[in-house]
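Chemist: no sequence for this one, just the structure:
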């Protein structure tokens, strides 16, 4: 059974004069998944979200959320989504509780026992005026308002900004619970460790263009890793050179060290046919290393 598409874009494009902030975004996001939307500042993440949510009109293309056109059905869509903007702004003279009451009334009411549970989990203080809170504590209020109506789709732009590590872990657990319930999380972030922990798939955006959309597992399986192999007899470097994806081979007697960006079963099957493997050590690339490969020319510059 194919999962329901909850977010769909076709050629979504936004230009600001000569600046091509978003170019031909084609993307499907499914019910029951967390999609990590990755890119450095200025890559087009926020433009993509604001265009998707009809906060700004696209230069070209279209988008749907829950099967509804994001422009024609903008009001109805807002009944089904939770949103944490990257530039969260709240009324400074309202307390956290008053702020959430305001948003709850806009939504036609919420389950306050659920709000209280979210407040406890995020260790939020709702008694103080928002203007008197630290940025991290203001962010907690923003996160609670996004989750409190149990939306079908959560769209979040750098939602962990200012949250301390313990609260971040609880927040990550909350996102995974949303996905487990069959709802959708669209998480825009440049915090790679967070995306690696919670995302099912990752979309990488570069200069306004989507350059990759893959599962975290597939991205990591194709990433370069360092592998040390030990055998019970001397080995020849030529055996490894014949395996696609093998790089930088160093062989010393019974031991081989190499970098590899292919599938492990292919490598192991090839060498096991020739030698008896005694030990293997591998250091898998993390998402940050993978992400940087898509920006290598900028990093080198």
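Modeler: Here it is on my side, so go on. Everything numeric in this text was worked out from a predicted model, so none of it was measured.
Chemist: Domains in this protein, by residue range?
Modeler: 5-219, 224-283 (automatic domain parsing).
Chemist: Residue 294 is nearest to which of these?
Modeler: domain 5-219 (5.3 Å; Cβ to Cβ). For glycine as for every other residue, the C-beta is placed from the backbone atoms N, C-alpha and C.
Chemist: what about the closest one, how long is it end to end?
Modeler: 22 Å (Cα to Cα, to the nearest Å).
Chemist: Stretch 49-62 now?
Modeler: Stretch 49-62 stretches 13 Å from its first residue to its last (Cα to Cα).
Chemist: quick one: average confidence on that stretch?
Modeler: If you average the pLDDT over stretch 49-62, you get 96.
Chemist: and residue 82, what helix or strand is that in?
Modeler: Secondary structure from DSSP states H and E places residue 82 in strand 81-84.
Chemist: next SSE after that strand?
Modeler: Using DSSP H and E, the next helix or strand after strand 81-84 towards the C-terminus is helix 96-106.
Chemist: what's that following helix packed up against?
Modeler: helix 112-122, helix 135-147 (3 or more Cβ pairs under 8 Å, 6 or more residues apart in numbering; DSSP states H and E).
Chemist: Determine which of those helices approaches residue 14 most closely.
Modeler: With Cβ to Cβ as the measure, helix 135-147 is the member of the helices and strands packed on helix 96-106 nearest residue 14 (23.3 Å).
Chemist: Helix or strand next in line after the closest one, which one?
Modeler: Next helix or strand after helix 135-147 toward the C-terminus (DSSP H and E): strand 153-157.
Chemist: partners of that next one, with directions?
Modeler: Partner strands and pairing direction for strand 153-157 (DSSP bridges) are strand 81-84 (parallel), strand 184-189 (parallel).
Chemist: Please work out which of those strands is packed deepest.
Modeler: Burial of these is given as mean neighbour count (mean count of other Cβ atoms under 10 Å); strand 184-189 ranks first at a mean of 25.
Chemist: And the residue nearest the centre of this structure?
Modeler: residue 36 (1.5 Å; Cα atoms, centre = their mean).
Chemist: Does that one touch residue 193 like I think?
Modeler: No: under the criterion of Cβ atoms under 8 Å, residue 36 makes no contact with residue 193, lying 11.0 Å away.
Chemist: avg pLDDT for the lengthiest helix in the chain?
Modeler: Looking across the chain with DSSP state H, the single longest helix is helix 165-180. In this model, helix 165-180 has a mean pLDDT of 96.
Chemist: returning to what we had before: so how far is the helix or strand harbouring the residue nearest to the centre of the chain from its chain's centroid?
Modeler: Using DSSP H and E, the element containing residue 36 is strand 34-38. Relative to its parent chain, strand 34-38 has a centroid offset of 2 Å by Cα atoms, centre = their mean, to the nearest Å.
Chemist: Neighbouring strands - and their directions - for it?
Modeler: Strand 34-38 sits in its sheet next to strand 184-189 (parallel), strand 201-206 (parallel), going by DSSP bridges.
Chemist: Residue 241 is nearest to which of these?
Modeler: Nearest of the strands paired with strand 34-38 (Cβ to Cβ): strand 201-206, 30.3 Å.
Chemist: gap between the closest one and the chain center?
Modeler: Counting by Cα atoms, centre = their mean, strand 201-206 is centred 8 Å from the centre of its parent chain.
Chemist: rewinding a little: residue 5 is nearest to which of the strands paired with strand 34-38?
Modeler: Residue 5 sits nearest to strand 184-189 of all the strands paired with strand 34-38, at 9.5 Å, using Cβ to Cβ.
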